[in-house]
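Peer 1: Sharing a model prediction with you, sequence too.
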Amino acid sequence: MQLGPVTLESPFILAPLAGYTDVSFRLLCRELGAGLCYSEMISCHGLVYGQELTRVLLATVPEERPVVFQLFGNDPVIMGEAAAILGKYPIDGIDINMGCPVRKVTKKGAGVALMKDMARAEAIIRSVCANTGLPVSVKFRSGVRHDAVIAPDFARMAQDAGASFLIVHGRTWAQGFSGMADWRVIARVKENVDVPVIGNGDILTHQDGLRMMAETGCDAVMIGRGALGNPWVFQASGRPLTLAGRLPVIRRHFDLIECFLPERKAVFKSKHHLARYLCGLPDAARLRRQINECSTLAQLKALISLG
C-alpha cells in the first residue's frame, strides 16, 4: 500500500489510541514490524490555539516515519487551519477522526457524531484536503446503529471529497467497543470505492489480520486495543508465552519512555503499559498489585528484573 510517495513495508498499522500511541509506543511498534503508526487524536482547537497539552502530542522523531497524525473536531474552518499547521511537521499524512464514540468527543459533534451529519463531514474533509499537500485519511465506523449502516455511502462521500485512503471500524456508534466487529461492512466499503481501504476491529493476532485481508479484500489492517501489551501482534511469531520472553521488549519500551518523558510522567506511563504486558502470565494479579505500589522507575525495573 502507498502512503503518498511512501510504500509501506507491512500492511499492519497501529491505530490511534488516546493515552497510548505516543512517540515511544509508536517507535516500539515500528521496530516490531508495524508498517505505519498513527498518533493519539489531536484537538483541532487545541492545535490552532496553541494549548500546551496539545503541543505535547506533536512529539515525533525521524526514526518512526512513516507516521500519520490524527485530528478531531467538528468545525471545517478550524480543522482546515489545524491541517495547515500539521503540514509543517515532519509527518507523512493526516487522519480525520470520524469514528471515536467517547462521549466527551461526540457531545461536541466530533468523532462518530459526524456520521449523523454527512454534509458537515464532507465540508471538514474538503477543508482539510484543501489546506495540506499530505495524504488525508478518514477513520469512521459502520454507522450509527445496526439498522443504519451507512459506511459504504459515507466512504464514497469521503473519497469524492478528497480522502486518499479510508479506515473502517466494523462496529457501530451504538456498539462502542462491545460486541463483535462486522467485517462484512469492510468488504462492502472496499467494493464501493477506488481508494485503498484499511480494515479495523477485532484483530488480536497477526493471523487475524491476514484473515481480515483475505475475507474483506482490504488493503491493510489497523490494530488498536489488540496491540496494547502485545506489540508482537505486528509479527507472525506473536507474543512470547513467558515473562522472560517478553522482557527484552518491555525493557526497550521502558527505555523509550524514559527518553521522552520526565520521571513522574514516565512512571505513570510505564505502569499503564506494564500491567498489560503481564496479560496471560501466571501470578499476573499479584504483580499488578505490586506495580501499583511503585513510585519510581527504579522500583518498577527491580520488580520485574529490568535493571
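Peer 2: Alright, I've got the coordinates.

Peer 1: In the stretch 151-300 of the chain, what residue spans correspond to strands?
Peer 2: If DSSP state E, counting those that start in this stretch is used as the criterion, the strands of the stretch 151-300 of the chain fall at 165-172, 197-200, 220-223.

Peer 1: can you list those in a markdown table and add mean neighbour count and distance to C279?
Peer 2: For glycine as for every other residue, the C-beta is placed from the backbone atoms N, C-alpha and C. Rendered in a markdown table, the data for the strands of the stretch 151-300 of the chain read as follows (neighbours: other CB atoms under 10 Å; distance: least, CB to CB, whole Å):
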| stretch | mean neighbour count | distance to C279 |
| --- | --- | --- |
| strand 165-172 | 27 | 22 |
| strand 197-200 | 27 | 21 |
| strand 220-223 | 26 | 15 |
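
Peer 1: Including distance to K269 and mean pLDDT, could the ones you listed go into CSV?
Peer 2: Listed next are those as CSV, based on distance: least, CB to CB, whole Å; pLDDT from 0 to 100:
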stretch, distance to K269, mean pLDDT
strand 165-172, 25, 96
strand 197-200, 24, 98
strand 220-223, 20, 98
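
Peer 1: Put together JSON lines for those strands, with distance to Y49 on each row.
Peer 2: Putting the strands of the stretch 151-300 of the chain into JSON lines (distance: least, CB to CB, whole Å) gives the following:
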{"stretch": "strand 165-172", "distance to Y49": "27"}
{"stretch": "strand 197-200", "distance to Y49": "30"}
{"stretch": "strand 220-223", "distance to Y49": "29"}
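
Peer 1: worst-scoring helix or strand of this structure, pLDDT-wise?
Peer 2: Comparing helices and strands within the chain by mean pLDDT, DSSP states H and E singles out strand 2-3 as the least confident, with a mean of 86.

Peer 1: That one packs against which elements?
Peer 2: Contact partners of strand 2-3 among helices and strands, from 3 or more CB pairs under 8 Å, 6 or more residues apart in numbering; DSSP states H and E: none.

Peer 1: strand partners of it, parallel vs antiparallel please.
Peer 2: Taking DSSP bridges as the criterion, strand 2-3 pairs within the sheet with strand 6-7 (antiparallel).

Peer 1: got the contact list for the next helix or strand after the partner strand?
Peer 2: Sequence-wise, the next helix or strand downstream of strand 6-7 (DSSP states H and E) is strand 12-14. Counting by CB atoms under 8 Å, 6 or more residues apart in numbering, strand 12-14 makes contact with 21, 25-26, 29, 33-38, 198, 206, 209, 220-224, 227, 233-234, all of which sit outside it.

Peer 1: And the chain, split by domain according to the record?
Peer 2: Structural domains of the chain, as assigned by automatic domain parsing, span the residue ranges 2-234, 243-303.
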